[in-house]
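>>> Only the shape, not the letters, is given here:
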Ligand SMILES: NC(=O)c1ccc[n+]([C@@H]2O[C@H](COP(=O)([O-])OP(=O)(O)OC[C@H]3O[C@@H](n4cnc5c(N)ncnc54)[C@H](O)[C@@H]3O)[C@@H](O)[C@H]2O)c1
């Protein structure tokens, strides 16, 4: 991937750990300048990645802080070419027991946070002639993982929001796509892999017979922020070992 993002600059939200950190690292290796926007550990992760990476602490649901931080990134880099909306949280509760507080908290970060950050980035991109927005959805946006009503709904919303941004901003040079990962080994998904029953569910539902690794999401993210994807628009790219394709019987 060396050089695929040469000269480009932008923000990865939730880039302090997990998939976002893998994306930030891979983007720097591909020649990009990256700002990590995360509510926890942004500066530490940026220092560890190096290559001029900026660490910007903040919450994706805080509209004023997002605008301020993204302007800081645009000022420091002199451009704003991409946004990867990766920050996310998971919640697991049976539907009947699901608390309204957990529902709201999940929708707030996963869906509203994606809206807030996309809007702030779009304003900066419009002033500079365009850019690329990539949203982290999930297979959960297309099929129902049980006991995850809020998470599933938030990721279905991310897919719909991706299409809305793509439809509305294409004529102004802004492209928007989503990545829908299957299960990937990160701190967020660690509880799955600790459970032998879940490991078997993942194996049996995935044609490739395994879960994913962070670098396997970073590659598609580079593609969607590079010139190689210039005619890919409003799409959801499933990066799931075939889980979504094989959901029939
Ligand atoms: N891991 C998986 O199996 C998997 C599968 C499908 C989709 N995803 C999606 O990929 C994305 C990354 O997942 P991950 O597994 O790396 O998660 P993770 O928990 O390992 O990392 C998430 C990062 O987002 C940050 N974050 C959370 N809420 C935030 C907020 N309000 N403001 C700013 N930063 C915030 C956290 O501090 C953390 O650094 C999420 O959107 C997740 O839903 C993950």
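Good, I have the coordinates. The structure displayed is predicted, hence computed values, not measured ones. Residues are numbered from 1 along each chain as shown.
>>> before we move on, what SS does residue 180 have?
What DSSP: H, G, I helix; E, B strand; the rest coil gives for residue 180 is strand.
>>> With residue 91 instead?
Following three-state DSSP, the label given to residue 91 is coil.
>>> and it, how many neighbours does it have?
20 (other CB atoms under 10 Å). All C-beta atoms are positioned from the backbone trio N, CA, C, and that covers glycine.
>>> Now do the contacts for it.
Applying CB atoms under 8 Å, 6 or more residues apart in numbering, we find residue 91 in contact with 102-103, 105-106, 148, 150-151.
>>> Tell me which of those residues fall in helices.
Applying DSSP state H to the contacts of residue 91, the entries found in helices are 102-103, 105-106, 150-151.
>>> Please pick the buried ones from the residues you listed.
102-103, 106, 150-151 (16 or more other CB atoms under 10 Å).
>>> Among those, which one sits closest to residue 92?
The nearest member of those to residue 92, counting by CB to CB, is residue 151 at 7.7 Å.
>>> I'd guessed the closest one sits against residue 109; true?
No - using CB atoms under 8 Å, residue 151 is not in contact with residue 109, being 10.5 Å away.
>>> picking up where we left off before, please render the contacts of residue 91 as CSV that adds pLDDT and distance to residue 43 to the earlier fields.
Shown next, in CSV, are the contacts of residue 91 (pLDDT from 0 to 100; distance: CB to CB, whole Å):
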residue, pLDDT, distance to residue 43
102, 98, 29
103, 98, 32
105, 98, 25
106, 98, 26
148, 96, 32
150, 98, 30
151, 98, 28
